[in-house]
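A.B. asks: My questions are about this predicted structure, shown below with the sequence.
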Number of protein chains: 2
Amino acid sequence: MSKPNVLIVEDDRDILQLLTYNLKAAGFEIATCQDGYEALAEVRRQLPDIVLLDLLLPGLDGLEICKELKRGQETKNTPVIMITARGEEVDRVVGLELGADDYVVKPFSPRELILRIKAVLRRSTPHDAESVWQEDGLRLEMEAHRATVDGDEVSLTATEFKLLSELVRNKGKVQTRDQLLDKVWGYHFNGYARTVDTHVRRLRQKLSRHADRIETIRGVGYRFRG
Amino acid sequence: MSKPNVLIVEDDRDILQLLTYNLKAAGFEIATCQDGYEALAEVRRQLPDIVLLDLLLPGLDGLEICKELKRGQETKNTPVIMITARGEEVDRVVGLELGADDYVVKPFSPRELILRIKAVLRRSTPHDAESVWQEDGLRLEMEAHRATVDGDEVSLTATEFKLLSELVRNKGKVQTRDQLLDKVWGYHFNGYARTVDTHVRRLRQKLSRHADRIETIRGVGYRFRG
DNA sequence: AGAGATTGTCATGTTTTTGTAACAATTGGG
DNA sequence: CCCAATTGTTACAAAAACATGACAATCTCT
């Protein structure tokens, strides 16, 4: 990715200007908007690489926008960084119930923000490889978010798809449950490592004939057969 | 790595206690200190696997410690996670000029911290030097966690794989049973040294033609023939 | 609001792994 | 050659790791 497109949604003109200036200097392509409803439309139109979203906005607020984005097929994988003021309910934002990938608290330094943007982009851009992967009757279309087995579509849930992608992407390598949790569920997931097992099981079930391509490496983790 | 050693440098006793409790529960080995100068000495003495560093400290502050650590030959690769309060100059911390690998902002949830620690550890743990080792028909693929003999995969259990890796890594050198127990089973294993024998036997069995490459040095231990 | 889908957790059952013990075989020194 | 120490073999029970099915909570879409 040469110049990542960043959409900034922020109603405070000063902050907006500050951000625009600094992010441009840091090598990002910037688009802005100052209103919640407008924001949704803009994201869908531009499909930016990342969205900076103020929590408090005229029109729809950041939470709603975020939820809405994560709901849409096209925009669900667009990473979002929330901008919150001190004392706002950070917990809910971060909980990932809302799907935000990270957040910063005002007042923040541009530098910190830039680092976070880069980090989020790094994490969420394994989509660099082939957007379509295929092998022996199993096919993954990353962008379409679709999987087919011998031509027949299998409907995977969002989590299942991510998990399978992650396994496939590291085809032939074992990944521990913790690693998978990090990559698929994200940092803010506070749960049980065995959750991975359950999802692997569901995946195998749906993959039918290819079930055994997800190999269990006892005492270590899972590996996609290469 | 069985139990990663974490050194916590934090002057607030409450936070220190909270961290100690939670990290121990998460399976880390914990050491603590509450003063900047002391911290430097402790890191150099213990060479922990990771350091949690409060930004504001009596004595040297976190930034200075971090810089100093990154300067030292022995400590330059020790990952550091900064603990900062909101509103502190986070940018300078993360700027990586200082070498911190990540940071958390108070108040943070122990769970998130643990996940970050694990992520940093994973990133900074060099993947076992050579990730593929091969010699005369015997092949070890570390990342895939796979072993093959003359092209045929032999299924090793997690312990067997670790043991073989350890032997191969120190190819040509004898290792006592105790040494092997430490490295493969971990320090906290309190069992019988003869356990190693059994595993060596199982390994030999599975290695078939290469069985005798694991040599018994009577009265001392085992050695992988080089 | 409500049906259906999704997701994380848990309890249970099954298989694999692992440590140990008992015994056999081997080794090396005297 | 014999003995004692050490190691190899085998078998087994306990523990660990995993698969599976069920369930409740939550989310989604109508």
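C.D. replies: Received, thanks.

A.B. asks: Now do the strands in chain A.
C.D. replies: Here chain A has its strands, by DSSP state E, at A:5-9, A:29-33, A:50-54, A:80-85, A:102-106, A:132-135, A:138-141, A:146-149, A:152-154, A:174-176, A:214-217, A:221-224.

A.B. asks: of those strands, which approaches residue B:182 most closely?
C.D. replies: strand A:174-176 (22.0 Å; Cβ to Cβ). All C-beta spots, glycine's among them, are computed from the backbone N, C-alpha and C.

A.B. asks: which helices and strands sit right next to the closest one?
C.D. replies: The helices and strands touching strand A:174-176, judged by 3 or more Cβ pairs under 8 Å, 6 or more residues apart in numbering or on different chains; DSSP states H and E, are strand A:221-224.

A.B. asks: So the strand it packs on, near chain B or not?
C.D. replies: Yes: Strand A:221-224 is in contact with chain B by Cβ under 8 Å from any Cβ of the partner chain, via residue A:223.

A.B. asks: who's in contact with that strand?
C.D. replies: Outside strand A:221-224, the residues that touch it by Cβ atoms under 8 Å, 6 or more residues apart in numbering or on different chains are A:167-168, A:170-177, A:179-180, A:196, A:200, A:213-217, B:144-145.

A.B. asks: do stretch A:181-188 as well
C.D. replies: A:94-96, A:101, A:123, A:159, A:162-163, A:166, A:175, A:189, A:191, A:193, A:195-196, B:112, B:115-116, B:118-119, B:122.

A.B. asks: picking that back up, and the contacts of strand A:221-224, which of them are buried?
C.D. replies: Listed as buried from the contacts of strand A:221-224 are A:167-168, A:170, A:173-177, A:179-180, A:196, A:200, A:213-215, A:217, B:144-145; burial here means 16 or more other Cβ atoms under 10 Å in any protein chain shown.

A.B. asks: ok, and of the contacts of strand A:221-224, which contact DNA strand D?
C.D. replies: Of the residues in the contacts of strand A:221-224, proximity to DNA strand D by Cβ under 7 Å from any atom of the strand holds for A:200, A:216-217.

A.B. asks: related to what we said a few turns ago, return the subset of the contacts of stretch A:181-188 lying in helices.
C.D. replies: Here DSSP state H is the test, and those give A:94, A:123, A:159, A:162-163, A:166, A:195-196, B:112, B:115-116, B:118-119, B:122 as lying in helices.

A.B. asks: ok, now which ones touch the residue of chain A found nearest DNA strand D?
C.D. replies: With Cβ to the nearest atom of the strand, the shortest gap between chain A and DNA strand D falls at residue A:216, namely 3.5 Å. Residue A:216 makes contacts with A:200, A:222, as judged by Cβ under 8 Å, 6+ apart.

A.B. asks: and with 10 Å instead?
C.D. replies: By Cβ atoms under 10 Å, 6 or more residues apart in numbering or on different chains, residue A:216 lies in contact with A:174, A:197, A:200, A:204, A:222-223.

A.B. asks: in chain A, what secondary structure element scores lowest on mean pLDDT?
C.D. replies: Every helix and strand in chain A was compared by mean pLDDT, DSSP states H and E; the lowest is helix A:90-94, with a mean of 48.

A.B. asks: Just confirm residue A:135 contacts residue A:226, I think it does.
C.D. replies: Yes: using Cβ atoms under 10 Å, residue A:135 is in contact with residue A:226, at 8.9 Å.

A.B. asks: Need the overlap of contacts for the two.
C.D. replies: Common neighbours of residue A:135 and residue A:226, counting by Cβ under 10 Å, 6+ apart, are A:168, A:171, A:213.

A.B. asks: Now the last one: closest residue in space, sequence neighbours ignored.
C.D. replies: What it means is residue A:213. Of all residues not flanking residue A:213 in the chain, residue A:225 sits nearest, at 4.5 Å (Cβ to Cβ, 6 or more residues apart in numbering or on different chains).

A.B. asks: Quick check: the one you found touching residue A:215?
C.D. replies: Yes: between residue A:225 and residue A:215 there is a contact at 5.6 Å, judged by Cβ under 10 Å.

A.B. asks: which neighbours do those two share?
C.D. replies: Common contacts of residue A:225 and residue A:215, defined by Cβ under 10 Å, 6+ apart, comprise A:167, A:172, B:144.

A.B. asks: just those residues now: which is nearest residue B:17?
C.D. replies: Residue B:17 lies nearest to residue A:167 out of these, by Cβ to Cβ, at 39.6 Å.

A.B. asks: so who does the closest one touch?
C.D. replies: Applying Cβ under 10 Å, 6+ apart to residue A:167 gives the contacts A:173, A:175, A:180, A:183-184, A:200, A:203, A:213-215, A:221-225.

A.B. asks: And these, which is closest to residue B:9?
C.D. replies: Within the contacts of residue A:167, the smallest distance to residue B:9 is 29.6 Å, found for residue A:183 (Cβ to Cβ).

A.B. asks: pLDDT value on that closest one, please?
C.D. replies: Looking at residue A:183, its pLDDT stands at 86.

A.B. asks: Run a quick neighbour tally on it.
C.D. replies: Close neighbours of residue A:183, defined as other Cβ atoms under 10 Å in any protein chain shown, add up to 19.

A.B. asks: Now the closest residue to chain B within chain A: phi and psi?
C.D. replies: At 3.0 Å from chain B, residue A:219 is the closest residue in chain A, using Cβ to the nearest Cβ. In terms of degrees, to the nearest 10, the main-chain angles of residue A:219 are phi 80, psi 0.

A.B. asks: Would you reformat the strands of chain A as JSON lines and include distance to residue B:35 and mean pLDDT?
C.D. replies: JSON lines is the format used below for these (distance: least, Cβ to Cβ, whole Å; pLDDT from 0 to 100):
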{"stretch": "strand A:5-9", "distance to residue B:35": "42", "mean pLDDT": "91"}
{"stretch": "strand A:29-33", "distance to residue B:35": "45", "mean pLDDT": "89"}
{"stretch": "strand A:50-54", "distance to residue B:35": "39", "mean pLDDT": "89"}
{"stretch": "strand A:80-85", "distance to residue B:35": "34", "mean pLDDT": "81"}
{"stretch": "strand A:102-106", "distance to residue B:35": "29", "mean pLDDT": "74"}
{"stretch": "strand A:132-135", "distance to residue B:35": "53", "mean pLDDT": "87"}
{"stretch": "strand A:138-141", "distance to residue B:35": "53", "mean pLDDT": "91"}
{"stretch": "strand A:146-149", "distance to residue B:35": "55", "mean pLDDT": "92"}
{"stretch": "strand A:152-154", "distance to residue B:35": "58", "mean pLDDT": "91"}
{"stretch": "strand A:174-176", "distance to residue B:35": "36", "mean pLDDT": "95"}
{"stretch": "strand A:214-217", "distance to residue B:35": "44", "mean pLDDT": "97"}
{"stretch": "strand A:221-224", "distance to residue B:35": "40", "mean pLDDT": "97"}
